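Q: build me a structure from this.
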Amino acid sequence: MTAEYQVHGDVAVITLNNPPVNGLGLETRQGIVDALSRAEDDAGIKAVIITGAGKAFSGGADIKEFGTPKSLQDPNLHSVIRALENFSKPVVAAIHTVCMGGGLELALGCHYRVAAPGCTVALPEVKLGLLPGAGGTQRLPRVIGVEPATNMIATGEAVPSEMLAMIPGQKLFDKLAASVESLPAEALEFARKVADVRPLPLVRNLPCKHPQGEAYFQFARNMVKGMAKNFPAPAKCVDAVEAATKSRNFEDGLTTERDLFLNLMMTPESRSLRHLFFAERAASKIPDVPSDTPKRDVRKVGVIGAGTMGGGIAMNFLNAGIPVTMLEMKQEALERGVGIMRKNYEAQIKKGKLKQDKYEARMALLSTTLSYDDLKDCDLIIEAVFEDLGVKEQVFSKLDEVAKSGAILASNTSTLDVDKIAAFTKRPQDVVGMHFFSPANVMKLLEVVRGAKTAKDVLATVMALAKKIKKTAVVSGVCDGFIGNRMIERYSQQAGFLLDEGATPQQVDKAIEKFGFPMGPFRMIDMAGNDIGWAIRKRRYVEQPDIKYSKTADLLCEMGRFGQKTSAGWYDYEAGKRDAKPSAVVAKMIEDYRQQQGITPRKISDDEIVQRLIFSLVNEGAKILEEGIASKSGDIDMVYLTGYGFPVWRGGPMHYAGEVGLFNVLQAMKRFARNPLDDAKAWKPAKLIETLAAEGKTFE
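A: Okay, here's the model as predicted:
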């Protein structure tokens, strides 16, 4: 049973027991209703307590039921709350640790609430593009006031129980217990104290007004629209709370809330956010690596390379309290790298994001060395050296000599063959790719590259460690560029063709930024360095001579315009500044190139720019799925949402393709393939797209 029933003298205790967060699934909801009936029929029971087992009162809806008939099947949460309100004896919610979403709505349906300190309280539905759908927008303003409730509901942010208890006149908590440990006894004492009090108090009967009325709600709507312009849910949250203050009766307010909830459920933004919610959780699951796979202990980490990437990688582990030994070949390189790390931490201190004592504690975990011998006691060693296979061979051959048995050897390579790197050692089972994204101490994405011989316990260990250092880890198979960079090459290829055909760098960038990316392809490559792409193209010309590129990117590099670091790339930059200014030199170079190629420029619409860039990602992503490089489309979406700036409200390239319709994507790709200045071979549709489009399905 996920709702257990026990009797303590004249008080019945209903304990939600549905790990990990006591989700309110159908069985649990039915269990609550059955337990209430049992207590109703027992004349010896004077009051009822509802609480949660383990480390939560309730985290709300059971995510395993999302999108299934069970989520709406009676008794639904509205029905359970109605049963609580109509119960003839006092019901006390004993709240602790986590009380969120439907869990808070359940507690608001009880007659009384006793809370433990340190309880996290929230209505986070807005983060899924929704609003609370079981009376949360109608009841919370009645117990903590309209403004605090509007803030909580429209942001979805959690608030500690102690802070809520300090709100003047609040009626959310009738009592704040001394501790989590004393909560059961204090709740029992409270339940007996109110057992004979009548009438039973109901939150729905409390008044709900704001002195400024419409003026306040218009102000609140303006605020949330400015902060979340691409998301409709926050403004609808304000509308729902306003309905609590204006409806003739409580039931009318509930009806408004329900209508708004159902409207939001149908929006593409909510579908995208719900997809992200599940994709993020599914990314940590590897089909052939069971969740109970033993993990290796990682108590000390070695990082080879003290450059920007190596320093950023080291900071992740220091932040998690894991000691790091950093290796470089020269003392000045070590000192420079450590100096950059210190500057990063000091910047956090200035912004109030880090306290001085924590900074000192983190840096105390760092040791530096010029000798590989000092890495012999490390459990995980990550190299972040120059992206060259010959350099990697030297590093891994040396690591094979000095690293202890069972140590995990990881490469931060962004494109190179992890199987070749593993072959430089006599322990390929211990080698894995850990591709951090720059800046490594900030970016959430970690591509975990699984070699042909990478051991399952190595994968399980790295995935668990990623969670510890607060990264979103996605597993990729071995191929050139893995998931993210393999796809971005097709995107960059299309950006170049668009220049050939008549677009300008700023037009392409503005179109994709309007779509929702923080920066377009030309601003992005200027920031990363145009010489990086140039090196990859030179390798491609040898390995894949039939691949087609615009020559403008090579011409740019031949001019020494490598981007922000040279104050000149696709744009002009002032020294020390990142502001991109259109370049007359680049415009002339593109114009001359078109003339040499006999190309007459044409007007290109923003819609065409977006479709060519995004659908190029989709087609390559589908091929990655076909080849088994990624195990599910959600993994590809997570890579682009957390590593490449794909707009969250669009759900990632593969999800977005489903929103557009794969039939429509396929038709557009066939149209682009007919363009003689494009690359017809690149637009050959993945068989997966053709199959799914024919069946009317999506990648999900």
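
Q: which stretches of the stretch 151-300 of the chain form strands?
A: For the stretch 151-300 of the chain, applying DSSP state E, counting those that start in this stretch gives strands covering 159-160, 175-176.

Q: looking at these, which is nearest to residue 262?
A: Residue 262 lies closest, by CB to CB, to one member of the strands of the stretch 151-300 of the chain: strand 159-160, at 27.2 Å. (C-beta placed from N, C-alpha, C; glycine too.)

Q: average pLDDT across the closest one?
A: Across strand 159-160, the average pLDDT comes to 97.

Q: could you tell me how far it lies from the centre of the chain?
A: Taking CA atoms, centre = their mean, to the nearest Å, the mean C-alpha location of strand 159-160 is offset from the chain mean by 22 Å.

Q: again with stretch 673-692
A: Here stretch 673-692 is found 31 Å from its chain centre; the criterion is CA atoms, centre = their mean.

Q: residue 586 against residue 571, yeah?
A: Yes: in this structure, residue 586 is within contact of residue 571 by CB atoms under 8 Å, at 7.5 Å.

Q: what's the overlap in contacts for the two?
A: Counting by CB atoms under 8 Å, 6 or more residues apart in numbering, the contacts common to residue 586 and residue 571 are residue 505.

Q: for residue 457, find the nearest of the strands of the stretch 151-300 of the chain.
A: Among the strands of the stretch 151-300 of the chain, the nearest to residue 457 by CB to CB is strand 159-160 (38.2 Å).

Q: isn't residue 531 right up against residue 561?
A: No: taking CB under 8 Å as the definition, residue 531 is not a contact partner of residue 561, at 9.7 Å.

Q: in terms of packing, which of the two has more residues around it?
A: Comparing residue 531 with residue 561 by neighbour count (other CB atoms under 10 Å), the higher total belongs to residue 561, at 22 against 17.

Q: now that one: phi and psi?
A: Dihedral pair for residue 561: phi -90, psi 90, per degrees, to the nearest 10.

Q: so what's the residue count around the residue nearest to it when sequence neighbours are not counted?
A: Excluding the flanking residues, the one nearest residue 561 by CB to CB, 6 or more residues apart in numbering is residue 568, at 4.3 Å. By other CB under 10 Å, 20 other residues sit near residue 568.

Q: likewise residue 38?
A: 15.

Q: for residue 421, same thing?
A: Neighbours around residue 421, by other CB under 10 Å: 26.

Q: element containing it?
A: Per DSSP states H and E, residue 421 falls inside helix 418-422.

Q: now that helix: buried residues?
A: Buried residues in helix 418-422, counted by 16 or more other CB atoms under 10 Å: 418, 419, 421, 422.

Q: isn't the last one up against residue 454?
A: Okay, so that is residue 422. Yes: contact criterion CB under 8 Å: residue 422 and residue 454 qualify, at 7.5 Å.

Q: which ones are touching the nearest residue to residue 239 once chain neighbours are set aside?
A: Nearest residue to residue 239, sequence neighbours excluded (CB to CB, 6+ apart): residue 260, at 6.2 Å. Each residue near residue 260 by CB under 8 Å, 6+ apart is listed here: 131, 236, 239, 240.

Q: let me know which of the strands of the stretch 151-300 of the chain is tucked in deepest.
A: Counting by mean count of other CB atoms under 10 Å, strand 175-176 has the highest mean neighbour count of these, with a mean of 18.

Q: that one: partners in the sheet, and parallel or antiparallel?
A: Note on strand 175-176: by DSSP bridges, its sheet partners are strand 112-115 (parallel).

Q: how far out from the middle of the chain is the partner strand?
A: Centroid displacement of strand 112-115 relative to its chain, using CA atoms, centre = their mean, is 33 Å.

Q: mean confidence score for it?
A: 98.

Q: just checking, what packs against the helix or strand bottoming out on mean pLDDT in the chain?
A: Using mean pLDDT, DSSP states H and E, helix 530-543 stands out as the lowest-scoring helix or strand of the chain, at a mean of 88. Judged by 3 or more CB pairs under 8 Å, 6 or more residues apart in numbering; DSSP states H and E, helix 530-543 is in contact with helix 552-558.

Q: show me what secondary structure element comes after the helix it packs on.
A: With DSSP H and E, the next secondary element past helix 552-558 is strand 571-572.

Q: tell me the contacts of the closest residue to residue 381 other than its chain neighbours?
A: Leaving aside its sequence neighbours, residue 381 sits nearest to residue 302 (CB to CB, 6+ apart; 3.9 Å). Residue 302 makes contact with 324, 325, 326, 327, 375, 378, 380, 381, 382, according to CB under 8 Å, 6+ apart.

Q: element containing residue 302, please.
A: Counting by DSSP H and E, residue 302 is part of strand 301-304.

Q: the stretch 351-500 of the chain: helices as residue ranges?
A: Along the stretch 351-500 of the chain, counting by DSSP state H, counting those that start in this stretch, helices occupy 356-364, 389-402, 418-422, 456-468, 484-501.

Q: and these as TSV, adding mean pLDDT?
A: Below are those laid out as TSV (pLDDT from 0 to 100):
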stretch	mean pLDDT
helix 356-364	96
helix 389-402	96
helix 418-422	97
helix 456-468	97
helix 484-501	96
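
Q: Serialize those helices to TSV and add fields for distance to residue 147.
A: Shown next, in TSV, are the helices of the stretch 351-500 of the chain (distance: least, CB to CB, whole Å):
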stretch	distance to residue 147
helix 356-364	33
helix 389-402	57
helix 418-422	54
helix 456-468	36
helix 484-501	43
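
Q: sweet, I'm off.
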